[in-house]
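Enquirer: Provide a 3D model corresponding to the input given below.
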Amino acid sequence: MCGIAGLISENIDLRGERECIYKISRSLKMRGPDEAGEYIERGAALIHRRLAVIDVEKGRQPMHFENLVIVYNGELYNTEEVRSELKGFGYEFNTECDTEVVLKAYHKWKEACAEKFNGIFAFAVYNKSTKELFLCRDRIGVKPLFYSFKNGIFAFASKLESLLYVRGVESVCSREGLNEIFMLGPAKTIGKTVFRDIAELPPAEYLIFKNGKIKAEKYWSLEAKEFYENEEQAQEHTHYLVTDAIRRQLVSDVPLCTFLSGGLDSSIISKIAASSYADEGKRLSTYSVDYADNDKYFKKSDFQPNKDSDYINLISEYIGSEHTNVVLNNTAVAEALIDSAVARGCPGFTDVDSSLLLFCREVKKRFTVCLSGECADEIFGGYPWYHKTDILFENTFPWSRSTDVRRSILKDGFLPEGEEYMRKAYENTVKTTSYLDSDSRLEKRMREMFVLNMDWFMQTLLVRKDVMSMEASLEVRVPFCDYRIVEYAYNMPWAIKALDGREKGILRKAFENELPEVITWRKKSPYPKTFNPVYFNEVCKMVDFVLGDKSSPLYEMLNIGAIRSLMQNPEALKEPWYGQLMRAPQVLAYILQIYVWQRKYNVEFEY
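Expert: Model (predicted):
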């Protein structure tokens, strides 16, 4: 994985923008600590920071072929198939890396090349002859890509921060950005960012910039299709797709491990990886995360019924992995809220972010690549809101069903359009859903829930995993995001997907003969969070400073009294801010991250 960026201009000589180019490259260093590369001409500058994974010696970028130059971030999992097809057209290859395959695929098929790829990627190809720039992002949106176009400069980058160094791009958050933060965050609308001058290239889209004009097109979307398989066939098909995706993603020229939580998804990945390693005479390394004294303070709930630690050793012994349990210091988790917000370039997922950042830094001490179990819940119906009928048919985001908690921390009258903003965001997503005429009311709603979860909740988790891992210079792959699995699961009838009335029922049945029964049928449990009061006390100290800073723009937005009351009585918060994990400690941490973000990037607000 890498960091990429670039500038295109017709009327500014970019050879004179050396300071800007240097700052952008430096901002991407953690995404690519191994090498830095540039291509600069009068009207174009392409910037690359490399984390070397495949063909370490020959995979340097920017890479050139005829009149084309590419900067690429990602991994193709069907590299050999695409390379073989291109060889059939007479193309020759000088490296083993997928960058060369992507570059020559674009040379052959132009924008249609995206439809050939199975992988996670964001890349740019510049045509030196036509002065045309092509940007492209993977179908699911695992790899990030942002862009801006101001004062005659079109710019793109893997990070929000990078674009703030471009001439004319201002760190201004408009009223729309404030609604994204306070009404939707830590989620966000696809295509938007918290900065007025910066947009996101949505997943499954490509963009062409030429002669001062932007043209964006979608090259893939979920399409409703008939499902003709029975339960047994669906089990076999699910098993094949998941196994194939995992095995494809084990390819690496540098050390690779897996995250192992003791839950179904990470256990499936680790079992298949361990078996593949054993066939090669190697032993898989696995990693889990916990918090100091968490057993002492653990609180059972409907969302978190048991501790991961009860299951991790069992599955590690079963697959024969060399396991490391990383125990995080709670004060460090609180302090890392600052680093994680800065890394995102916007307010984030609080300690769900900061703990992952610290965890990835520990894993990076020995490994460069890791496989993780994200996104199985979104596509196979793993969350409680898929199964509770009182929630299922509500016309709102099921992980953020009201704005009551959000309103409680804001001053009366601030962002009065907030509820309408949230409602429109929900409705705009639902109306993109593809149905069959034969779909029942339940099947239609399950398709809507699939789209809602994929476009919102899953995107939040993918941004978190990409930013926090890459900030530690660790590449994390997510096999369940293979688009073939996503397409297949989208069209699977709910009765099969939720086989035996269980969340992810089909996934459990598909792998029940390869895992211990207690792992296969363990109730869904989310990413572990800290229950230690040390963390809450540290967050309260930092938030107390925020609330006392009358020079901050937030002072005029926040309900200071209500926030102090929450600090004194966290149990009074009856509903989560977002999803299953963001309760009182996380709401306070979110306020802290908004403050950190505003100060770090000197954000001005328009409202």
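
Enquirer: can I get stretch 378-389 as PDB, trimmed to CA atoms?
Expert: Only the C-alpha atoms of stretch 378-389 are listed here, as PDB (Å, rounded to 0.1, in the frame of the first residue of the first chain):
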ATOM      1  CA  GLU A 378     -22.700  -5.600   6.800                       C
ATOM      2  CA  ILE A 379     -23.000  -8.100   3.900                       C
ATOM      3  CA  PHE A 380     -24.200 -11.200   5.800                       C
ATOM      4  CA  GLY A 381     -26.600  -9.500   8.200                       C
ATOM      5  CA  GLY A 382     -24.500  -9.600  11.400                       C
ATOM      6  CA  TYR A 383     -25.800  -6.600  13.200                       C
ATOM      7  CA  PRO A 384     -28.800  -6.600  15.600                       C
ATOM      8  CA  TRP A 385     -30.700  -4.100  13.500                       C
ATOM      9  CA  TYR A 386     -31.100  -6.700  10.800                       C
ATOM     10  CA  HIS A 387     -32.900  -8.900  13.200                       C
ATOM     11  CA  LYS A 388     -35.100  -6.700  15.400                       C
ATOM     12  CA  THR A 389     -38.400  -6.000  13.700                       C
END
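
Enquirer: got a list of contacts for that stretch?
Expert: Contacts with stretch 378-389, where a contact means Cβ atoms under 8 Å, 6 or more residues apart in numbering, come from 302-303, 376-377, 391-392, 398-399, 446, 449-450, 453-454, 457-458, 480, 485-486, 489-490, 494, 497-498, 503-504, 506-507, 524, 580. Any C-beta I mention is one placed from the backbone N, CA and C, and that applies to glycine too.

Enquirer: what of stretch 534-554?
Expert: Residues contacting stretch 534-554 (Cβ under 8 Å, 6+ apart): 291-292, 330-331, 333-335, 337, 351, 555, 558, 560, 563-564, 567, 570, 584-585, 588-589, 591-592, 594-595, 598-599, 603-605.

Enquirer: that older thread, buried among the contacts of stretch 378-389? Make that a ChimeraX selection.
Expert: This is how ChimeraX selects the buried members of those, with burial counted by 16 or more other Cβ atoms under 10 Å:
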select :376,377,398,399,446,449,450,453,454,457,458,480,485,486,489,490,494,497,498,503,504,506,507,524,580
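
Enquirer: what are the pairing partners of the helix or strand hosting residue 286, and which direction each?
Expert: For residue 286, the element it lies in under DSSP states H and E is strand 285-291. Under the criterion DSSP bridges, strand 285-291 sits next to strand 256-259 (parallel), strand 322-328 (parallel) in its sheet.

Enquirer: show me which of those has the highest average neighbour count.
Expert: Stretch with highest mean neighbour count among the strands paired with strand 285-291: strand 256-259 (a mean of 25; mean count of other Cβ atoms under 10 Å).

Enquirer: how about the helix or strand that that strand is followed by: buried residues?
Expert: Sequence order places helix 264-279 as the next helix or strand after strand 256-259, per DSSP H and E. Residues of helix 264-279 classed as buried: 264-275, 277 (neighbour count, 16+ other Cβ under 10 Å).

Enquirer: got it, and stretch 364-373?
Expert: Those buried within stretch 364-373 under the rule 16+ other Cβ under 10 Å are 364, 367, 368, 369, 370, 371, 372, 373.

Enquirer: do the same with stretch 389-398
Expert: Buried residues in stretch 389-398, defined by neighbour count with 16+ other Cβ under 10 Å: 396, 397, 398.

Enquirer: need the pLDDT of the second one.
Expert: Turning to residue 397, the model gives it a pLDDT of 96.

Enquirer: not counting sequence-adjacent ones, nearest residue to it?
Expert: Nearest in space to residue 397, with sequence neighbours left out and distances taken as Cβ to Cβ, 6 or more residues apart in numbering, is residue 426 at 5.7 Å.

Enquirer: the one you found against residue 395, yeah?
Expert: Yes - in this structure, residue 426 is within contact of residue 395 by Cβ atoms under 8 Å, at 7.1 Å.

Enquirer: and the end-to-end length of stretch 449-457?
Expert: 11 Å (Cα to Cα, to the nearest Å).

Enquirer: how about stretch 493-508?
Expert: The first-to-last residue distance of stretch 493-508 comes to 16 Å (Cα to Cα).

Enquirer: mind checking how far it is from the chain centre?
Expert: Distance, stretch centre to chain centre, for stretch 493-508: 25 Å (Cα atoms, centre = their mean, to the nearest Å).

Enquirer: same deal with stretch 42-62?
Expert: That offset, for stretch 42-62, works out to 23 Å (Cα atoms, centre = their mean).

Enquirer: C-alpha coordinates for that stretch, CSV please?
Expert: The C-alpha coordinates for stretch 42-62 follow below in CSV (Å, rounded to 0.1, in the frame of the first residue of the first chain):
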residue,chain,number,x,y,z
ARG,A,42,5.2,22.2,-16.4
GLY,A,43,1.5,21.2,-16.2
ALA,A,44,1.6,18.1,-14.0
ALA,A,45,3.1,16.7,-10.9
LEU,A,46,2.6,13.1,-9.6
ILE,A,47,3.7,12.2,-6.1
HIS,A,48,4.2,8.7,-4.7
ARG,A,49,5.1,7.3,-1.3
ARG,A,50,5.7,3.6,-1.2
LEU,A,51,5.1,0.8,1.3
ALA,A,52,6.9,-2.0,-0.5
VAL,A,53,5.0,-5.3,-0.5
ILE,A,54,5.2,-6.9,-3.9
ASP,A,55,8.4,-7.0,-6.0
VAL,A,56,10.3,-4.7,-3.6
GLU,A,57,13.2,-4.1,-6.0
LYS,A,58,11.4,-3.3,-9.2
GLY,A,59,8.1,-1.8,-8.1
ARG,A,60,9.1,1.9,-7.8
GLN,A,61,6.8,4.6,-8.8
PRO,A,62,5.8,6.8,-10.6
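
Enquirer: so where's the stretch 151-300 of the chain shaky on pLDDT?
Expert: Under the criterion pLDDT under 70, the flagged ranges of the stretch 151-300 of the chain are 297-300.

Enquirer: would you map the strands across it?
Expert: According to DSSP state E, counting those that start in this stretch, the stretch 151-300 of the chain carries its strands in the segments 153-157, 172-173, 199-200, 205-210, 213-218, 256-259, 285-291.

Enquirer: CSV please, covering those strands and showing distance to residue 469.
Expert: Listed next are those as CSV, based on distance: least, Cβ to Cβ, whole Å:
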stretch, distance to residue 469
strand 153-157, 18
strand 172-173, 26
strand 199-200, 19
strand 205-210, 23
strand 213-218, 27
strand 256-259, 10
strand 285-291, 12
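
Enquirer: of the ones you listed, which is nearest residue 234?
Expert: Proximity to residue 234 (Cβ to Cβ) singles out strand 256-259 among these, at 25.6 Å.

Enquirer: which of the contacts of stretch 534-554 are buried, as a PyMOL select command?
Expert: Selecting the buried subset of the contacts of stretch 534-554 in PyMOL, with 16+ other Cβ under 10 Å as the burial test, is done by:
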select buried, resi 291+292+330+333+334+337+351+558+563+567+570+584+585+588+589+591+592+594+595+598+599+603+605
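
Enquirer: filter the contacts of stretch 534-554 down to the ones in helices?
Expert: 330-331, 333-335, 337, 351, 560, 563-564, 567, 584-585, 588-589, 591-592, 594-595, 598-599 (DSSP state H).

Enquirer: so the residue minimising distance to the centre of the chain, which of the three states?
Expert: Closest residue to the average C-alpha location of the chain: residue 462 at 1.5 Å, with Cα atoms, centre = their mean. Following DSSP: H, G, I helix; E, B strand; the rest coil, the label given to residue 462 is helix.

Enquirer: which positions within the strand holding residue 286 qualify as buried?
Expert: 285, 286, 287, 288, 289, 290, 291.

Enquirer: and those residues, which is closest to residue 163?
Expert: Distances from residue 163 to the buried residues of strand 285-291, taken by Cβ to Cβ, are shortest for residue 289, at 31.5 Å.
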